[in-house]
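K.L.:
3D, please:
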Amino acid sequence: MSTNHNSELNSVDTAAYKSPMFHWSPLAKLFLILSLLVLDIASPHLWMSVFACAVGVCLFLYGSLLRPPHTLMLLFLYAMVFIVVGAVIFTIVMPGETVASVSILRFTINFTDAGVSFALLVFARSTAALFLMFSFAVSTPVPHLANALKKLKLPDVFVEMMVLIYRYTFLLMESAESMHLAAECKFGYYGYKRSLKTTSRLAVGVFMRALDTAEKGQVILQCRNYRGDFMTLSEYEERNRTATVFCAVMVCVAASVFIILHTGML
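P.N.:
Model (predicted):
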């Protein structure tokens, strides 16, 4: 049971190590994704978001070898639900000329032209941002991301804390899953009152397990001569220069599209 659970939680990391974009420079990938995100958010034009979304989809499919991890796809579907609901709300609450009306239980809901336009822009921006971030996640292991952040001169404490939190989150989720399964086997969720009591005990148990894991983790790090810096293998140093040039070209193309849309050359 725990082996399958660990495999599901680490499926994104496994996909990243098998990705054809694994040997790309993590700094180049990070620069490409951040540039597209900034241009996507900064531009008020829908076509800029469509361009960023197209690049994100291509990178995501290529980086995952057309087999994206199941866990990542579930996260994507959950995020899309919130995006769609938010876009629909914008079509209703924003003022403007009514383009369509729907009657539900004697209530009339009006969809305005300004609301529809803004909702499409929000939907395109959010979808593009999701694909861009997921394409980076599916092709870049956490140690490579940490190395890229260090090269950007971020504080070492911040980077090391990110790595530790990422690693121990999996352990806590595994503990919470095991405790939840044990409670279900003992009919701990039979009835509303018992469910509340079981949930509160589960929360306390996870918190105490987190403290115990933190203390043991500190001892383990000290036994391994930890001095505030994680040493990693230098596989990512075998950078693909062609991929780095590709990232730079894509940033230039995206910036050109942004300028063309803003100057009205099309």
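K.L.:
My reading is that residue 66 lies in a strand. Confirm?
P.N.:
No: assessed with DSSP: H, G, I helix; E, B strand; the rest coil, residue 66 is coil; it does not lie in a strand.
K.L.:
Give me the distance between it and residue 59.
P.N.:
Counting by CB to CB, to the nearest Å, the gap from residue 66 to residue 59 is 12 Å. To be clear about C-beta, it is placed using only N, CA and C from the backbone, and glycine gets the same treatment.
K.L.:
Compare those two and say which one has the larger neighbour count.
P.N.:
Neighbour count, other CB atoms under 10 Å: between residue 66 and residue 59, residue 59 has more, with 24 against 8.
K.L.:
Can I take it that residue 20 is in a strand?
P.N.:
No: if the criterion is three-state DSSP, then residue 20 is coil and not within a strand.
K.L.:
That one and residue 62 touch, don't they?
P.N.:
Yes: here residue 20 reaches residue 62: they are 6.6 Å apart, a contact under CB atoms under 8 Å.
K.L.:
OK, contacts around residue 166?
P.N.:
Residue 166 makes contact with residue 142, according to CB atoms under 8 Å, 6 or more residues apart in numbering.
K.L.:
Give me the three-state assignment for it.
P.N.:
Under three-state DSSP, residue 166 comes out as helix.
K.L.:
same check, this time on residue 102
P.N.:
strand.
K.L.:
So which elements touch the longest helix along the chain?
P.N.:
Assignment by DSSP state H gives helix 192-223 as the longest helix of the chain. Using 3 or more CB pairs under 8 Å, 6 or more residues apart in numbering; DSSP states H and E, the elements in contact with helix 192-223 are helix 156-185.
K.L.:
Distance check, the closest residue to residue 79 other than its chain neighbours against residue 169.
P.N.:
Excluding its sequence neighbours, the residue lying closest to residue 79 (CB to CB, 6 or more residues apart in numbering) is residue 130, at 5.7 Å. Distance, residue 130 to residue 169, by CB to CB: 21 Å.
K.L.:
neighbour-wise, which of the two wins?
P.N.:
Between residue 130 and residue 169, residue 130 has the larger neighbour count (other CB under 10 Å), namely 18 against 12.
K.L.:
Looks to me like the more buried one is in a strand.
P.N.:
No: assignment of residue 130 by three-state DSSP gives helix, placing it outside any strand.
K.L.:
quick one, what contacts it?
P.N.:
Residues in contact with residue 130 (CB under 8 Å, 6+ apart) are 56, 76, 79, 80, 83.
K.L.:
how much space between it and residue 223?
P.N.:
41 Å.
K.L.:
what's the answer for residue 131, then?
P.N.:
According to CB to CB, residue 131 stands 42 Å off from residue 223.
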